[in-house]
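Peer 1: Return a 3D structure for these sequence lines:
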Amino acid sequence: MKKLIFLAVLSLGFMATSQAQEISPNAIGLRLGDSDGFGAEISYQRALGANNRLELDLGWRDSKHTDAFKLTGLYQWVWNLEGNFNWYAGAGGGLGGYDNNKIDDSGAFFFVAGDVGIEYDFDIPLMLSLDFRPELGFTDEYRDGLDLDIALGIRYQF
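Peer 2: As a prediction, this is how the structure comes out:
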């Protein structure tokens, strides 16, 4: 029991003394990747505090027979790893539309999403990131179920 209390106090002390890196007030750029086909998103990040931010992405997807667009909003928490490296996690959701030209079908969908990633903040106003975003889609055949999205981001900070 004493070891458990000691570990709890040690963990709380570590969390209290660790410092979060100040994140940029704004960042805009591209997020490239997808689980199938090719996808690109115009990405905007807005700091909400010292280590919290809002990310908004407007993207399009191009796979074998389907074209789609989606709007995603995520609330993220950012922690400093070491130096200019940060890692982040977040949650949110979005909506979109699709057009399947093989079976002449189109529709709308909505989804919930999580996000976890790592980023490098250069000494110039440039940031590179790699993230994993599982999305659980609803409402139609195109986005019904789990989609595992991985992407590379490049953003200009201001």
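Peer 1: Grab the nearest non-local neighbour of the residue nearest the centre of the chain.
Peer 2: Centroid check for the chain by CA atoms, centre = their mean gives residue 115 as the closest residue, at 4.4 Å. Ranked by CB to CB, 6 or more residues apart in numbering and with sequence neighbours excluded, the top spatial neighbour of residue 115 is residue 90, at 4.3 Å. Just so you know, the C-beta spots here come from the backbone N, C-alpha and C atoms, and that holds for glycine as well.
Peer 1: just to revisit the earlier point, which residues does the residue nearest to the centre of the chain contact?
Peer 2: Neighbour list for residue 115: 55, 74, 76, 88, 89, 90, 91, 92, 131, 132, 133 [criterion: CB atoms under 8 Å, 6 or more residues apart in numbering].
Peer 1: Report the beta-bridge partners for the residue nearest to residue 115.
Peer 2: Bridge pairing for residue 90 (DSSP bridges) gives the partners residue 76, residue 115.
Peer 1: Now do the contacts for it.
Peer 2: Counted by CB under 8 Å, 6+ apart, residue 90 has contacts 55, 74, 75, 76, 77, 114, 115, 116.
Peer 1: The residues you listed into CSV, with extra columns for distance to residue 155 and pLDDT?
Peer 2: Formatted as CSV, these follow (distance: CB to CB, whole Å; pLDDT from 0 to 100):
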residue, distance to residue 155, pLDDT
55, 10, 98
74, 14, 98
75, 17, 98
76, 13, 97
77, 18, 97
114, 20, 96
115, 14, 96
116, 17, 97
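Peer 1: and these, which are buried?
Peer 2: When the contacts of residue 90 are checked for burial by 16 or more other CB atoms under 10 Å, the buried set is 55, 74, 76, 115.
Peer 1: related to what we said a few turns ago, possible to save the contacts of residue 115 as CSV with distance to residue 150?
Peer 2: Listed next are the contacts of residue 115 as CSV, based on distance: CB to CB, whole Å:
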residue, distance to residue 150
55, 16
74, 15
76, 16
88, 15
89, 15
90, 15
91, 17
92, 17
131, 7
132, 5
133, 7
